[in-house]
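Trainee: From the sequence below, what's the structure:
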Amino acid sequence: MTAPTKTIVILCSCSGIISDRINWEKVQALLKNHPARPEFVVDELACGADNLEHLTKLLRGEKPDNLVVAACSPRDHEATFRKLLADAGVNPWQLQMVNLREQVAWVTADPQQATNKAARMIFAALNRVQHHKPLFERRQAIRTEVAVIGAGPAGMQAALTLARAGRKVALIEKEPFIGGLPVRFEELFPNLECGPCLLEPLMGDLLHGFESDLVQLHTLAEVIAVTGSFGNWNLTVRKNPRYINPDLCIGCMICAEVCPSKRNNRWNVDGEISAVDSPFAGALPNLPHIDSSFCLKLQGKDCNICQENCPVPDTIIFDDAASEFQLQAGAIIIASGADELQDKLPAFASGTEIHTAYSFERLLAMNGPTGGELLKKDGTPPASLAILHCAGSLDKENTPYCSATCCRAGIKYAHLAAARLPELTVTRLVREQVIPGVDAAVPFHNDHSHVVRYQGLPDLALQGSGNEQTIHCNSTGEQVAAEMVLLLRPIIPSQGTASIAELLELERDNAGFLSPLHPLADPCASSVKGIYLAGSCRGAADLRDAFASGTAAAGHALSALVEGRELVVDPQVASVNTSICAGCKTCLPLCPYKAISWNEQDNSAFVTDILCRGCGVCVAACPAGAISGQGFTREMLRAELKGVLS
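Mentor: Numbers count the residues shown, from 1 in each chain. Next comes the predicted model:
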């Protein structure tokens, strides 16, 4: 053991809660021969305001090197006693707390055993505190701007919440429009509200409202690189060309009307749009964009029809090009959304009248390929519709989890289809039905579709064709008329979610969604400090959850990045002794907070203190013993163990 230093031990009676079981006089007698020769102070309630003032004066006069507080849990008052030391002019990390209330007084009935146990625990703390070294908080200037990746409902809500608080926001969206999926949904469960109507006020505020000056919107853009750490992130963004000057375009769409080149409208699932066009009526920003793969001019042919007919000169920019730029932000909010699984269709699902939820949604939309009419490919209305729930979900060979929103969607589609075609026969094939929420009661009980239970996809077979097409359920023997089939497919992570997870080295769950710091206690924070999660990048979610999580993620950023406040970095982090680092890189993939990187110059691991949370995984894993935990060194822990076991 190193040379003893001056140590004071505060024995807190906790208003009798501790001293009813533990005899302080016997404790002091048992510890009188400890090499540290501690000075004891018995206090009735050390955390009380008057008591703290008295203890501050005592410590200022005594000027101890170390302080041991035998009281309650460090979770309750470690910060209190650290501040006590700081106010007394002593380094606050020269403190060691011993939890005698929860770990002894409340669980050890026999007073003699409790007293002996308390003495042993304090003995261990005295051993440990002799190895404490002064630690110092590091302060760092921070940026208060926030980058939001994804402009669906969750991303827009996060951006607007931040802007309303006076923060600058960069809103990055890979599509040429904002609003995500729900802006393309004409009616939303449960009250059949208009999706674009619900989102338009939010989009309007972002584009033209009082706070719009604080929101820098980047459409047709994606993040391709990120460096830095919490408080000072640097993002590299690639912006694809729109070939339209947004400052000049008035959104008249004359260019789309005269353009001779057509392309498949992937946003409508079916139908065509011009090479220069808007994805769908009502898309915001109200700007067309040019697909260079279909534009005759950009393919080297002699065509200037759009330019010649545009009422505003210089609006169409054929020499526009992709560009890259840098963004700085203190925090990043990821709202990259989710997708509907399109491949791996059930074996029986074939034919021209098979729809997935998104294609059916667009089929029912007034700005969809059929103007909102429920029609087959041949332009005639179907006589029967079969809605297949769990078409790949709850299936070990496909997607084992429930996609959360499909049952609600199935009821909605049944209602809308029947409203379009009153004579339509609607059957819902259900494996499991999950429709939580008070607001789901009315549409559920007003659902007049016929419900058939099935046991799994192998239980079903598609028979016949055209008007005679049916789905045969082997387990029940039922024949379900299915001139048109709607498959409610699993919800899976979007490609954007997968890309950003790889880019930022974020943890993902078994399904590929981004893992929160804690699914219950911290569902909108990631494992990397300063990166927050919103919407369905965390898992299948409805619109209500998107808005709530967008607000929550913005709240995280607002509370962490306060204007004029420096970021205080806790010194209890891991550090690397570069002289003995063997270069094995064992620690790099193990860090759950992505705080460890490789320093090529020193050929050793490097810990970014602002990201490190002091969990100790790297310390335990390092085969060379080159990593130590500040405040939890091997010497401290060994001395403490020796004290407990002696």
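
Trainee: residues in contact with the nearest residue to Pro241 once chain neighbours are set aside?
Mentor: Closest residue in space to Pro241, ignoring its immediate chain neighbours: Asp320 at 3.9 Å, by Cβ to Cβ, 6 or more residues apart in numbering. (Each C-beta comes from the backbone N, C-alpha and C, glycine too.) Listed by Cβ atoms under 8 Å, 6 or more residues apart in numbering, the contact set of Asp320 reads Pro241, Arg242, Tyr243, Ile244.

Trainee: now those residues: which count as buried?
Mentor: Among the contacts of Asp320, those classed as buried by 16 or more other Cβ atoms under 10 Å are Pro241, Arg242, Tyr243, Ile244.

Trainee: So which of those belong to strands?
Mentor: Assigned to strands by DSSP state E, none of the buried ones among the contacts of Asp320 qualify.

Trainee: Same list (these) but as TSV, adding pLDDT.
Mentor: Putting the buried ones among the contacts of Asp320 into TSV (pLDDT from 0 to 100) gives the following:
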residue	pLDDT
Pro241	97
Arg242	97
Tyr243	97
Ile244	96
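
Trainee: correct me, but Ser597 touches Thr608?
Mentor: Yes - counting by Cβ atoms under 8 Å, Ser597 does reach Thr608; the two are 6.7 Å apart.

Trainee: Which one's more surrounded, these two?
Mentor: Between Ser597 and Thr608, counted using other Cβ atoms under 10 Å, the more crowded position is Thr608 (18 against 14).

Trainee: Retrieve the pLDDT associated with the more buried one.
Mentor: In this model, Thr608 is scored at 92, pLDDT.

Trainee: From Glu145, how far out is it?
Mentor: Relative to Glu145, Thr608 is positioned 20 Å away (Cβ to Cβ, to the nearest Å).

Trainee: Likewise for Ala391?
Mentor: For Ala391, the distance to Glu145 equals 43 Å [Cβ to Cβ].

Trainee: neighbour-wise, which of the two wins?
Mentor: The residue with more neighbours, out of Ala391 and Glu145, is Ala391; 27 against 20, by other Cβ under 10 Å.

Trainee: Can you tell me the closest non-neighbouring residue to that one?
Mentor: Leu487 (3.9 Å).

Trainee: What is the burial count for the one you found?
Mentor: Neighbours of Leu487 (other Cβ under 10 Å): 23.

Trainee: try Leu192
Mentor: Leu192: 13 neighbours (other Cβ under 10 Å).

Trainee: Widest-spaced pair of the contacts of Asp320?
Mentor: Using Cβ to Cβ, the pair of the contacts of Asp320 lying farthest apart is Pro241 and Ile244, separated by 8.9 Å.

Trainee: overlap in contacts of these two?
Mentor: Here Pro241 and Ile244 have Ile290, Ile317, Asp320 as joint contacts, going by Cβ under 8 Å, 6+ apart.

Trainee: Strands - which of those land there?
Mentor: The strands, defined by DSSP E, take in Ile290 from the shared contacts of Pro241 and Ile244.

Trainee: For stretch 575-583, list the C-alpha coordinates in PDB.
Mentor: Output of stretch 575-583 as PDB, limited to C-alpha atoms (Å, rounded to 0.1, in the frame of the first residue of the first chain):
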ATOM      1  CA  SER A 575      -7.600   5.700 -20.900                       C
ATOM      2  CA  VAL A 576      -4.900   3.900 -22.900                       C
ATOM      3  CA  ASN A 577      -1.300   3.500 -21.900                       C
ATOM      4  CA  THR A 578       0.200   3.700 -25.500                       C
ATOM      5  CA  SER A 579       3.600   2.500 -24.400                       C
ATOM      6  CA  ILE A 580       2.200  -1.000 -23.600                       C
ATOM      7  CA  CYS A 581      -0.700  -1.200 -26.100                       C
ATOM      8  CA  ALA A 582       0.000  -4.300 -28.200                       C
ATOM      9  CA  GLY A 583      -2.000  -3.200 -31.200                       C
END
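
Trainee: how about the strands in the stretch 251-400 of the chain?
Mentor: 262-264, 272-274, 276-277, 289-290, 323-329, 331-334, 338-340, 354-356, 384-388, 392-399 (DSSP state E, counting those that start in this stretch).

Trainee: quick one: average confidence on the first one?
Mentor: Here the mean pLDDT over strand 262-264 is 93, rounded to a whole number.

Trainee: Show me which positions of it end up buried.
Mentor: Buried residues in strand 262-264, counted by 16+ other Cβ under 10 Å: Arg263.
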